[in-house]
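Engineer: What shape does this take:
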Amino acid sequence: MTNSRNANQAPDDHFIRFEVQDGSRRVGCMVSGEALEAAAGLTLPSTSLSRQRSFDRFRTLINAAAKLKLARAPVRQGGCLVLESDDLRRVPLEVGVPLFGSLLPETGRTTRPFPDEGGALAPAPSDDPA
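Structural biologist: All right, here's what the predicted structure looks like:
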């Protein structure tokens, strides 16, 4: 996992570049600012610093999303894998990984927030039968 803030920032500052290991090769990837904003529930418009913090916080989730996307559709040599919010949502829940759309650490919450049609975060129905 590598990330150099200066060398790897996309020119428009709405993507953060990083690399993942795919077998014996390293694959260049970018995660969109929109995905980072949605993952952390950032207030819009967000700043590049808040998107970078979201990237740092959700790095495990982002890496897992990149590996899942690579497994579905390998990137050609020299290509770049682009992650959007839908890619981050496809990652199965793991212990210790922040939930997509959560700004604060988990505190036993049983709902998982998802953006509605207007982009606002709303909790999904609880998995609890009670």
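
Engineer: distance between the ends of stretch 15-35?
Structural biologist: Using CA to CA, to the nearest Å, the end-to-end distance of stretch 15-35 comes to 9 Å.

Engineer: From the rest of the structure, what touches that stretch?
Structural biologist: 1-3, 8-10, 13-14, 36, 46, 51-52, 55, 62-63, 66-67, 70, 74-75, 77, 79-85, 87-88 (CB atoms under 8 Å, 6 or more residues apart in numbering). C-betas here are computed from N, CA, C, even on glycine.

Engineer: Name the spans of this protein whose pLDDT lies under the cut-off.
Structural biologist: The chain contains residues with pLDDT under 70 at 1-12, 94-130.

Engineer: Could I get the full set of strands for it?
Structural biologist: 15-22, 25-32, 80-83, 113-115, 121-123 (DSSP state E).

Engineer: quick one on the thing from earlier: from the contacts of stretch 15-35, which would you call buried?
Structural biologist: Burial by neighbour count, 16 or more other CB atoms under 10 Å: within those this picks out 8-9, 14, 36, 46, 51-52, 55, 62-63, 66-67, 70, 75, 81, 83, 85, 87-88.
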